[in-house]
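here is my input, please return the structure:
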Amino acid sequence: MDKLIKNELDTPDSLFIDNRLLENWTTFIQSRKILHHIDPHIASSWQRCKAFLSPFEIHLSSRLDSGMLLATQTANFNLISVARPIMEDIYQYLEETDTAVVLINNACYVLEILGDPETLKRIAGFGFFTGSQISESQIGTNAFALSISERSPILLTGPEHFIQALHGITAASAPIFDLTGRPLGALGLVSRSNLRRGYLLSLSASGSQSIASQMWNDTLMAEQNGQVAQLNAILSTISEGVLVRNAEGLLLHINLAAEKIFDMPSQALVGQDFHNFFSFLCT
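Here you go, the predicted structure:
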(Lines give C-alpha, C1' and ligand atoms only; values in the text may rest on other atoms or scores of the structure.)
Protein backbone atom coordinates (compact mmCIF):
# COMPACT_ATOMS: atom_id res chain seq x y z
CA MET A 1 0.00 0.00 0.00
CA ASP A 2 3.06 2.28 0.10
CA LYS A 3 2.26 3.97 -3.18
CA LEU A 4 0.67 7.04 -4.66
CA ILE A 5 -2.88 6.67 -5.87
CA LYS A 6 -4.37 9.03 -8.43
CA ASN A 7 -8.08 9.82 -8.28
CA GLU A 8 -10.22 8.75 -11.21
CA LEU A 9 -12.74 11.53 -11.79
CA ASP A 10 -14.59 9.52 -14.41
CA THR A 11 -15.83 6.98 -11.83
CA PRO A 12 -19.60 6.71 -11.21
CA ASP A 13 -19.15 8.24 -7.75
CA SER A 14 -18.11 11.53 -9.35
CA LEU A 15 -21.68 11.90 -10.66
CA PHE A 16 -22.82 12.54 -7.08
CA ILE A 17 -20.27 15.23 -6.23
CA ASP A 18 -21.91 18.41 -4.98
CA ASN A 19 -20.94 21.14 -7.44
CA ARG A 20 -20.90 23.83 -4.76
CA LEU A 21 -18.56 21.77 -2.58
CA LEU A 22 -16.35 21.07 -5.59
CA GLU A 23 -16.22 24.79 -6.39
CA ASN A 24 -15.20 25.52 -2.78
CA TRP A 25 -12.40 22.94 -2.96
CA THR A 26 -11.19 24.08 -6.39
CA THR A 27 -11.10 27.71 -5.30
CA PHE A 28 -8.99 26.85 -2.27
CA ILE A 29 -6.59 24.61 -4.21
CA GLN A 30 -6.06 27.24 -6.90
CA SER A 31 -5.94 30.40 -4.79
CA ARG A 32 -5.94 29.28 -1.12
CA LYS A 33 -9.07 31.39 -0.76
CA ILE A 34 -11.55 30.20 1.87
CA LEU A 35 -15.14 30.88 0.89
CA HIS A 36 -17.35 32.14 3.70
CA HIS A 37 -19.72 29.14 3.77
CA ILE A 38 -17.00 26.53 4.41
CA ASP A 39 -17.09 24.96 7.88
CA PRO A 40 -14.28 26.53 9.98
CA HIS A 41 -13.02 23.08 11.10
CA ILE A 42 -12.72 21.97 7.47
CA ALA A 43 -11.10 25.25 6.44
CA SER A 44 -8.49 24.98 9.20
CA SER A 45 -7.74 21.39 8.21
CA TRP A 46 -7.35 22.35 4.54
CA GLN A 47 -4.87 25.05 5.51
CA ARG A 48 -2.83 22.59 7.58
CA CYS A 49 -2.88 20.01 4.80
CA LYS A 50 -1.87 22.50 2.12
CA ALA A 51 1.47 22.98 3.88
CA PHE A 52 2.63 19.36 3.52
CA LEU A 53 0.30 17.38 1.23
CA SER A 54 -0.52 17.39 -2.46
CA PRO A 55 -4.30 17.42 -2.99
CA PHE A 56 -3.89 15.22 -6.06
CA GLU A 57 -2.06 12.31 -4.42
CA ILE A 58 -2.59 10.07 -1.43
CA HIS A 59 0.53 8.58 0.08
CA LEU A 60 -0.27 5.57 2.22
CA SER A 61 3.06 5.34 4.00
CA SER A 62 2.09 4.61 7.61
CA ARG A 63 0.89 1.06 8.14
CA LEU A 64 1.45 -1.23 11.11
CA ASP A 65 3.20 -4.51 10.39
CA SER A 66 1.63 -7.70 11.73
CA GLY A 67 3.60 -7.59 14.99
CA MET A 68 2.83 -3.94 15.72
CA LEU A 69 -0.81 -4.42 14.71
CA LEU A 70 -1.17 -7.28 17.19
CA ALA A 71 0.48 -5.18 19.92
CA THR A 72 -1.79 -2.22 19.17
CA GLN A 73 -4.92 -4.38 19.17
CA THR A 74 -3.82 -5.98 22.45
CA ALA A 75 -3.27 -2.55 24.01
CA ASN A 76 -6.79 -1.61 22.90
CA PHE A 77 -8.35 -4.96 23.83
CA ASN A 78 -11.05 -3.48 26.09
CA LEU A 79 -12.08 -0.96 23.44
CA ILE A 80 -12.23 -3.61 20.71
CA SER A 81 -14.07 -6.19 22.82
CA VAL A 82 -16.80 -3.68 23.69
CA ALA A 83 -16.96 -2.09 20.24
CA ARG A 84 -17.06 -5.22 18.09
CA PRO A 85 -20.62 -6.37 19.00
CA ILE A 86 -21.90 -2.80 18.57
CA MET A 87 -20.17 -2.56 15.17
CA GLU A 88 -21.83 -5.82 14.14
CA ASP A 89 -25.23 -4.53 15.23
CA ILE A 90 -24.74 -1.36 13.16
CA TYR A 91 -23.54 -3.33 10.16
CA GLN A 92 -26.71 -5.45 10.19
CA TYR A 93 -28.57 -2.32 9.08
CA LEU A 94 -25.97 -1.48 6.43
CA GLU A 95 -24.91 -4.80 4.89
CA GLU A 96 -27.10 -4.20 1.84
CA THR A 97 -25.36 -0.86 1.23
CA ASP A 98 -21.85 0.17 0.21
CA THR A 99 -20.95 1.29 3.75
CA ALA A 100 -18.18 0.07 6.08
CA VAL A 101 -18.00 0.42 9.87
CA VAL A 102 -14.57 1.52 11.14
CA LEU A 103 -13.02 1.65 14.63
CA ILE A 104 -9.81 3.61 15.25
CA ASN A 105 -7.68 4.33 18.32
CA ASN A 106 -6.69 7.82 19.44
CA ALA A 107 -3.62 7.73 17.19
CA CYS A 108 -5.93 7.22 14.18
CA TYR A 109 -4.85 3.62 13.49
CA VAL A 110 -7.64 1.39 12.18
CA LEU A 111 -8.28 -1.38 14.73
CA GLU A 112 -11.34 -3.05 13.20
CA ILE A 113 -13.33 -2.63 10.00
CA LEU A 114 -16.55 -4.33 8.84
CA GLY A 115 -17.98 -4.26 5.34
CA ASP A 116 -18.69 -6.34 2.27
CA PRO A 117 -15.58 -7.46 0.32
CA GLU A 118 -16.16 -5.10 -2.59
CA THR A 119 -16.57 -2.06 -0.35
CA LEU A 120 -13.53 -2.98 1.76
CA LYS A 121 -11.42 -3.41 -1.37
CA ARG A 122 -12.51 -0.05 -2.72
CA ILE A 123 -11.97 2.00 0.45
CA ALA A 124 -8.63 0.27 1.08
CA GLY A 125 -7.38 2.31 -1.86
CA PHE A 126 -8.31 5.44 0.08
CA GLY A 127 -6.34 4.30 3.13
CA PHE A 128 -9.07 2.53 5.12
CA PHE A 129 -7.82 -0.94 6.06
CA THR A 130 -6.85 -2.66 9.30
CA GLY A 131 -3.53 -1.35 10.55
CA SER A 132 -3.50 1.80 8.42
CA GLN A 133 -3.18 5.25 9.93
CA ILE A 134 -5.88 7.64 8.73
CA SER A 135 -4.52 10.74 10.42
CA GLU A 136 -4.60 14.13 8.75
CA SER A 137 -0.90 13.84 7.97
CA GLN A 138 -1.53 10.63 6.01
CA ILE A 139 -4.80 11.10 4.09
CA GLY A 140 -5.56 14.76 4.67
CA THR A 141 -8.83 16.16 5.93
CA ASN A 142 -11.10 13.31 7.04
CA ALA A 143 -13.95 12.76 9.48
CA PHE A 144 -12.03 10.36 11.75
CA ALA A 145 -9.02 12.59 12.39
CA LEU A 146 -11.25 15.64 12.80
CA SER A 147 -13.56 13.92 15.27
CA ILE A 148 -10.53 13.12 17.46
CA SER A 149 -8.96 16.59 17.23
CA GLU A 150 -12.24 18.51 17.52
CA ARG A 151 -13.67 16.08 20.10
CA SER A 152 -17.07 16.04 18.41
CA PRO A 153 -19.00 14.07 15.75
CA ILE A 154 -18.01 15.01 12.21
CA LEU A 155 -19.54 14.32 8.77
CA LEU A 156 -17.54 14.93 5.58
CA THR A 157 -18.69 14.32 2.06
CA GLY A 158 -16.93 14.48 -1.32
CA PRO A 159 -14.87 17.64 -1.91
CA GLU A 160 -14.90 18.50 1.78
CA HIS A 161 -11.95 16.07 1.87
CA PHE A 162 -8.65 17.76 1.03
CA ILE A 163 -7.30 14.83 -1.01
CA GLN A 164 -9.03 14.55 -4.37
CA ALA A 165 -8.98 10.75 -4.23
CA LEU A 166 -11.41 10.89 -1.30
CA HIS A 167 -13.98 12.92 -3.21
CA GLY A 168 -15.79 9.67 -3.98
CA ILE A 169 -16.71 8.91 -0.36
CA THR A 170 -18.82 10.21 2.49
CA ALA A 171 -17.65 9.50 6.04
CA ALA A 172 -18.95 10.19 9.53
CA SER A 173 -17.11 9.68 12.81
CA ALA A 174 -17.70 10.29 16.51
CA PRO A 175 -15.10 10.15 19.32
CA ILE A 176 -15.20 7.64 22.18
CA PHE A 177 -14.23 9.10 25.57
CA ASP A 178 -13.16 7.46 28.81
CA LEU A 179 -14.44 8.57 32.23
CA THR A 180 -11.84 11.36 32.42
CA GLY A 181 -12.86 12.81 29.06
CA ARG A 182 -9.80 11.51 27.24
CA PRO A 183 -10.52 10.26 23.70
CA LEU A 184 -9.86 6.53 23.38
CA GLY A 185 -10.59 6.48 19.66
CA ALA A 186 -13.53 6.92 17.33
CA LEU A 187 -16.26 4.92 15.62
CA GLY A 188 -17.28 5.87 12.12
CA LEU A 189 -18.88 4.91 8.84
CA VAL A 190 -17.45 5.19 5.33
CA SER A 191 -19.71 5.07 2.28
CA ARG A 192 -18.62 4.86 -1.35
CA SER A 193 -21.66 6.84 -2.40
CA ASN A 194 -21.17 10.59 -2.34
CA LEU A 195 -24.65 11.45 -1.13
CA ARG A 196 -24.80 13.39 2.15
CA ARG A 197 -26.63 11.06 4.55
CA GLY A 198 -27.51 12.32 7.99
CA TYR A 199 -28.04 8.78 9.26
CA LEU A 200 -24.30 8.10 8.92
CA LEU A 201 -23.60 10.74 11.55
CA SER A 202 -26.47 9.57 13.76
CA LEU A 203 -25.33 5.94 13.69
CA SER A 204 -21.70 6.77 14.38
CA ALA A 205 -22.63 9.11 17.25
CA SER A 206 -25.04 6.66 18.88
CA GLY A 207 -22.59 3.80 18.39
CA SER A 208 -19.67 5.66 19.96
CA GLN A 209 -21.85 6.68 22.91
CA SER A 210 -22.95 3.06 23.42
CA ILE A 211 -19.32 1.94 23.45
CA ALA A 212 -18.32 4.67 25.90
CA SER A 213 -21.28 3.96 28.22
CA GLN A 214 -20.50 0.25 28.37
CA MET A 215 -16.82 0.90 29.02
CA TRP A 216 -17.73 3.38 31.78
CA ASN A 217 -20.04 0.82 33.37
CA ASP A 218 -17.34 -1.86 33.17
CA THR A 219 -14.82 0.50 34.78
CA LEU A 220 -17.18 1.48 37.59
CA MET A 221 -18.17 -2.14 38.18
CA ALA A 222 -14.51 -3.19 38.37
CA GLU A 223 -13.82 -0.39 40.85
CA GLN A 224 -16.83 -1.40 42.93
CA ASN A 225 -15.77 -5.06 42.93
CA GLY A 226 -12.29 -4.00 43.98
CA GLN A 227 -13.68 -1.98 46.88
CA VAL A 228 -15.87 -4.92 47.97
CA ALA A 229 -12.89 -7.28 47.82
CA GLN A 230 -10.85 -4.83 49.89
CA LEU A 231 -13.68 -4.53 52.44
CA ASN A 232 -14.00 -8.31 52.65
CA ALA A 233 -10.27 -8.65 53.26
CA ILE A 234 -10.40 -6.09 56.08
CA LEU A 235 -13.47 -7.61 57.73
CA SER A 236 -12.01 -11.12 57.58
CA THR A 237 -9.15 -10.03 59.82
CA ILE A 238 -11.50 -8.79 62.59
CA SER A 239 -12.07 -11.35 65.35
CA GLU A 240 -15.46 -9.92 66.39
CA GLY A 241 -18.61 -10.66 64.45
CA VAL A 242 -19.41 -7.87 61.98
CA LEU A 243 -22.68 -7.41 60.07
CA VAL A 244 -23.06 -4.79 57.33
CA ARG A 245 -26.56 -3.64 56.41
CA ASN A 246 -28.09 -1.01 54.13
CA ALA A 247 -30.57 1.75 55.03
CA GLU A 248 -33.48 -0.66 54.59
CA GLY A 249 -32.01 -3.03 57.14
CA LEU A 250 -31.02 -5.76 54.69
CA LEU A 251 -27.77 -7.58 55.37
CA LEU A 252 -25.11 -6.88 52.77
CA HIS A 253 -22.15 -8.70 54.28
CA ILE A 254 -21.06 -10.69 57.33
CA ASN A 255 -17.52 -11.68 58.20
CA LEU A 256 -16.17 -15.13 59.12
CA ALA A 257 -16.48 -14.46 62.85
CA ALA A 258 -20.20 -13.68 62.44
CA GLU A 259 -20.68 -16.87 60.41
CA LYS A 260 -19.30 -18.85 63.35
CA ILE A 261 -21.55 -17.03 65.82
CA PHE A 262 -24.66 -17.77 63.77
CA ASP A 263 -23.33 -21.16 62.68
CA MET A 264 -24.64 -20.34 59.21
CA PRO A 265 -22.88 -19.53 55.92
CA SER A 266 -22.97 -15.94 54.70
CA GLN A 267 -24.98 -16.98 51.62
CA ALA A 268 -27.89 -17.92 53.88
CA LEU A 269 -27.85 -14.57 55.69
CA VAL A 270 -27.01 -11.91 53.11
CA GLY A 271 -30.13 -10.22 51.76
CA GLN A 272 -32.27 -10.96 54.82
CA ASP A 273 -33.68 -8.44 57.29
CA PHE A 274 -31.04 -7.47 59.85
CA HIS A 275 -33.65 -6.99 62.61
CA ASN A 276 -34.58 -10.67 62.59
CA PHE A 277 -31.06 -11.62 63.59
CA PHE A 278 -30.75 -8.75 66.05
CA SER A 279 -33.86 -10.05 67.86
CA PHE A 280 -32.42 -13.54 67.79
CA LEU A 281 -29.21 -12.31 69.41
CA CYS A 282 -31.16 -10.62 72.19
CA THR A 283 -33.18 -13.71 73.22
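
in the protein, which spans are helices?
Counting by DSSP state H, the chain has helices at residues 19-31, 40-50, 66-75, 77-92, 117-124, 136-139, 143-150, 198-236, 256-262, 266-269, 274-282.

deepest-packed of those helices, please.
For the helices of the chain, the largest average neighbour count (mean count of other CB atoms under 10 Å) is found in helix 143-150, namely a mean of 24. Where C-beta positions appear, they are placed from N, C-alpha and C, glycine not excepted.

packing partners of it?
If you count contacts as 3 or more CB pairs under 8 Å, 6 or more residues apart in numbering; DSSP states H and E, helix 143-150 packs onto helix 40-50, strand 99-105, helix 136-139, strand 154-157, strand 170-177, strand 183-191.

low pLDDT regions in the stretch 51-200 of the chain?
Applying pLDDT under 70 to the stretch 51-200 of the chain picks out residues 61, 193-196.

mark out where each domain of this structure begins and ends.
The chain breaks down by automatic domain parsing into domains covering 4-211, 231-282.

hmm, back to that, among the helices and strands packed on helix 143-150, which comes closest to Phe274?
Shortest distance between Phe274 and the helices and strands packed on helix 143-150, using CB to CB, is found for strand 170-177: 40.7 Å.

now the closest one and helix 117-124, what's the angle there?
80 degrees (axes from the mean of the first three to the mean of the last three CA atoms, to 10 degrees).

packing partners of strand 170-177?
Packing contacts for strand 170-177, counted by 3+ CB pairs under 8 Å, 6+ apart, involve helix 143-150, strand 154-157, strand 183-191, helix 198-236.

redo that, cut-off 10 Å
Helices and strands touching strand 170-177, as assessed by 3 or more CB pairs under 10 Å, 6 or more residues apart in numbering; DSSP states H and E, comprise helix 77-92, strand 99-105, helix 143-150, strand 154-157, strand 183-191, helix 198-236.
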